[in-house]
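Colleague: structure, please.
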Amino acid sequence: MTTRDRRVVARAAFTLMEVLVVVAIIVILAGAGGYIYMSHLENAKKDLAKAGAMALDQQIGAYRTRHGDYPPDLLTLTQPGADGTPAALESKTLLDPWSRPYVYEPANLHPLTKKPHIFSEGPSPGIPGSRVSNWETNQ
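Modeller: All right, here's what the predicted structure looks like:
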């Protein structure tokens, strides 16, 4: 066996350092991928909350057309009509993507459109900048 053949046989496996470098790279990439995934997931939830608030806005507008005034609360929209008409909404549609109820303020009307305020507390309840509202024009 020549010297060259011995080196080839001795170099048949990865060194511990090479394996550790590969594992470190994989961990870094997985961490970055997880962060990007969570960011997109949060944006998707905000978009879904916006769509939910707009759908509720449409339903209270339809209620106003039929009854002459806005409903006193959102639960009214989940009740069947006195004349036997089915309920406009299911109760699960009153929950935002974070499983919290949408907030409905029938006395708080928009200055221009005169529509009641409907909003989700968003990902961080209690922080006004986190809210997702039917009053927002574009997000």
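Colleague: wait, what's in contact with Q79?
Modeller: Going by Cβ atoms under 8 Å, 6 or more residues apart in numbering, Q79 touches A87. Backbone N, C-alpha and C define where each C-beta goes, glycine included.
Colleague: where does the closest residue to S91 other than its chain neighbours land on pLDDT?
Modeller: Closest residue to S91 apart from its sequence neighbours, by Cβ to Cβ, 6 or more residues apart in numbering: T78 at 4.8 Å. For T78, the model assigns a pLDDT of 92.
Colleague: please apply the same query to T15.
Modeller: What the model reports for T15 is a pLDDT of 87.
Colleague: and if you look at G129?
Modeller: 85.
Colleague: could you give the number of residues near it?
Modeller: The number of residues packed near G129 is 6, by other Cβ atoms under 10 Å.
Colleague: against G61, how distant is it?
Modeller: Per Cβ to Cβ, to the nearest Å, G129 is found 27 Å from G61.
Colleague: what does I26 give?
Modeller: For I26, the distance to G61 - Cβ to Cβ - is 52 Å.
Colleague: who has more neighbours, these two?
Modeller: Neighbour totals were compared for I26 and G61, and G61 leads with 13 against 10 (other Cβ under 10 Å).
Colleague: where does that one land in three-state SS?
Modeller: Classification of G61 using DSSP: H, G, I helix; E, B strand; the rest coil returns helix.
Colleague: I'd guessed it sits against K115; true?
Modeller: Yes - with contact defined as Cβ atoms under 8 Å, G61 and K115 form a contacting pair (7.4 Å).
Colleague: alright, calling it a day.
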